[in-house]
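Asker: Got a sequence here, can you build the structure:
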Amino acid sequence: MKTITKITENAGVRPHWAGPRQPLLHRLRLQTLITLRWIAVAGQLSAIVIVYFGYSFPLPFWESLTVISLSAALNIYLMLHFGANVRLRHRYVAMLLSYDIIHLAVLIYLTGGLANPFSLLFIVPTTIAASTIKVKYTIGLGLLTVACITLLIPFHLPLPWGIENNIQLPLIYLVGIWVALVCSLSFMGVYSWKIANEAREMANALFATERVLAREQKLTALDGLAAAAAHELGTPLATIALVAKELRHELPDGIDASQDLDLLMSQTIRCRKILAELASGGGESDAFLERVEIDAMLAEIIEPYKGQLTIELAVCQSEPSELPVPVVARNPGIHFGLGSLIENAIGFARNKVVINIDWSDEKIFITIRDDGPGFSSAVIDRLGEPYVTTRPVNPDGINSPEGEGMGLGFFIAKTLLERSGAEVFASNETSPRRGAIVSVVWPRQAIVVRSQDTGMIEGEDVENKK
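Answerer: All right, here's what the predicted structure looks like:
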């Protein structure tokens, strides 16, 4: 191992262990490995002390104590030279875990080989690796473990036991222990990797979703910033208008400067009107602009995609109802979610995408159909999970702009729509037709705007409610 530069907390210099190879949150803290090794040292020391002094079994006590002391010395060295919050690159985690495997193999060699019941502990380092570092390093640690337990079958000191009751286990039994260890190692490694990988993918996907929501919230926050700017600019504009008016009164008509002052005054008045509208948030027109009929909202969403292929927007009612077209509040999450689903359909369609709007007394339905290949059987059951896609996955991970090519589009759309109260379903057209179907269903009260005057949902028959 290369010489490690000593660091201090105040210096702020990261050792080469913790260089920016993996994302910071995907690296294991050194303190975690140190703590686990202290637990192992305490357990190993207790075991040899109890066996040697408590049961008077003959074992190479001082040799075993020396091996255990090496781990304690390594821990002390790491604690003195590195901060508690240092996060390690994957290869250095693998190196430390390799040491733990070899250290355990030496102890097991001194105390009976695979016949020692503590040989089960060989599973631990690889399990830790599977849940924290890259697969290639985990496989390497697994192979190192298998090599160590294989060598321990023929090469080991006798199992510590009573002198008169020395036990020699048959070879077939030792091979059985070897098979059990390898099977347990494989199962626990794959299981730990799968669980940790799913957790990391979900965390990355939620981060991408929060980034999309943050962008939408910034757009919403512009209204507040505009109002604040209008308030701050009101006073200087009033001063400019007053000075311009006084200068205009002092100048006779017909002079060029007087015409410039007239223009300055008119533009100042115009600026003050604009700022007054911004400060009031748009006045009474906001209530109108913040709500929209659901078919008009979908028409706005599909407008940028017109010309790419045929997009049909159909409004219908499968159940007889006197309710008009639902009026919904403008919601960036709904707009982005539906837009993402429609864009996905356009990306896979051959010639046409059909969007149907339906509603009843209790629910609102939007169905998006395309004439593409449909969802594959390997994907359809996992739709809505992060990183599920039939397109090539972008290798840049969460650093990819807008999450394109990452299998996050459907996940983000589904998350945003479900936050608005919707349920999202995916299926394929029945034979002989081809294509994918995505249905979004809201309870009517979840998104339909309520009238400020009556407190009723817009479009409801007030007399019937009475």
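Asker: Pop the domain breakdown of this structure in here.
Answerer: 16-169, 218-288, 290-465 (automatic domain parsing).
Asker: mean pLDDT lowest for which of those?
Answerer: Note on those: lowest mean pLDDT is at domain 218-288, with a mean of 69.
Asker: Mean neighbour count added to the domains of the chain, as JSON lines?
Answerer: C-betas here are computed from N, CA, C, even on glycine. Converted to JSON lines, those look like this (neighbours: other Cβ atoms under 10 Å):
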{"stretch": "domain 16-169", "mean neighbour count": "17"}
{"stretch": "domain 218-288", "mean neighbour count": "13"}
{"stretch": "domain 290-465", "mean neighbour count": "16"}
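Asker: of all those domains, which lies closest to residue 204?
Answerer: Closest to residue 204 of these, according to Cβ to Cβ: domain 290-465, at 4.8 Å.
Asker: Count the neighbours of residue 187 for me.
Answerer: Residue 187: 12 surrounding residues under other Cβ atoms under 10 Å.
Asker: so where does it fall, helix or strand?
Answerer: helix 171-250 (DSSP states H and E).
Asker: which is the next helix or strand following that helix?
Answerer: Note on helix 171-250: by DSSP H and E, the next helix or strand toward the C-terminus is helix 256-279.
Asker: That following helix - contacts with which helices or strands?
Answerer: Applying 3 or more Cβ pairs under 8 Å, 6 or more residues apart in numbering; DSSP states H and E, we find helix 256-279 packed against helix 171-250.
Asker: tell me the angle of the helix it packs on relative to helix 256-279?
Answerer: 140 degrees (axes from the mean of the first three to the mean of the last three Cα atoms, to 10 degrees).
Asker: Tell me how far residue 116 lies from residue 40.
Answerer: Distance of residue 116 to residue 40, given as Cβ to Cβ, to the nearest Å: 15 Å.
Asker: residues touching residue 135, list them.
Answerer: Residues near residue 135 by Cβ atoms under 8 Å, 6 or more residues apart in numbering: residue 193.
Asker: Any buried residues in stretch 173-184, and which?
Answerer: Residues 174, 177, 178, 181, 182 are the ones in stretch 173-184 that count as buried (16 or more other Cβ atoms under 10 Å).
Asker: Mind putting those into a markdown table with pLDDT and distance to residue 47?
Answerer: Below are these laid out as a markdown table (pLDDT from 0 to 100; distance: Cβ to Cβ, whole Å):
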| residue | pLDDT | distance to residue 47 |
| --- | --- | --- |
| 174 | 90 | 21 |
| 177 | 93 | 18 |
| 178 | 94 | 22 |
| 181 | 94 | 19 |
| 182 | 94 | 24 |
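Asker: Quick check: closest non-adjacent residue to residue 344.
Answerer: Spatial nearest neighbour of residue 344, excluding adjacent residues (Cβ to Cβ, 6 or more residues apart in numbering): residue 409 at 5.8 Å.
Asker: So the one you found is in contact with residue 340, correct?
Answerer: Yes - in this structure residue 409 lies within contact range of residue 340 using Cβ atoms under 8 Å: 5.2 Å.
Asker: before we move on, the earlier item: what packs against the helix holding residue 187?
Answerer: When contacts are defined as 3+ Cβ pairs under 8 Å, 6+ apart, helix 171-250 packs onto helix 123-132, helix 135-151, helix 256-279, helix 332-348, helix 409-419.
Asker: want to throw those into JSON lines with distance to residue 96?
Answerer: Listed next are those as JSON lines, based on distance: least, Cβ to Cβ, whole Å:
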{"stretch": "helix 123-132", "distance to residue 96": "9"}
{"stretch": "helix 135-151", "distance to residue 96": "10"}
{"stretch": "helix 256-279", "distance to residue 96": "59"}
{"stretch": "helix 332-348", "distance to residue 96": "43"}
{"stretch": "helix 409-419", "distance to residue 96": "35"}
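Asker: what angle separates the helix holding residue 187 from helix 332-348?
Answerer: Relative orientation of helix 171-250 versus helix 332-348 (the same axes, to 10 degrees): 120 degrees.
Asker: returning to what we had before: residue 198 is nearest to which of the domains of the chain?
Answerer: domain 290-465 (8.7 Å).
Asker: roughly how far out does the closest one sit from the chain middle?
Answerer: Put simply, domain 290-465 sits 23 Å off its chain's centre (Cα atoms, centre = their mean, to the nearest Å).
Asker: Restricting to C-alpha, output the strand or helix carrying residue 72 in CSV.
Answerer: Here residue 72 is covered by helix 61-81, with elements defined by DSSP H and E. Output of helix 61-81 as CSV, limited to C-alpha atoms (Å, rounded to 0.1, in the frame of the first residue of the first chain):
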residue,chain,number,x,y,z
PHE,A,61,-2.2,-19.0,22.5
TRP,A,62,0.6,-16.5,21.9
GLU,A,63,0.6,-17.0,18.2
SER,A,64,-3.1,-16.3,18.1
LEU,A,65,-2.7,-13.3,20.4
THR,A,66,0.0,-11.9,18.1
VAL,A,67,-2.3,-12.2,15.1
ILE,A,68,-5.2,-10.5,16.9
SER,A,69,-2.8,-7.7,18.1
LEU,A,70,-2.0,-6.9,14.4
SER,A,71,-5.7,-6.0,13.8
ALA,A,72,-5.8,-3.9,17.0
ALA,A,73,-2.6,-2.1,15.9
LEU,A,74,-4.0,-1.5,12.4
ASN,A,75,-7.2,0.0,14.0
ILE,A,76,-5.1,2.3,16.2
TYR,A,77,-3.0,3.4,13.3
LEU,A,78,-6.1,4.3,11.2
MET,A,79,-7.8,6.1,14.1
LEU,A,80,-4.7,8.2,14.7
HIS,A,81,-4.0,9.1,11.1
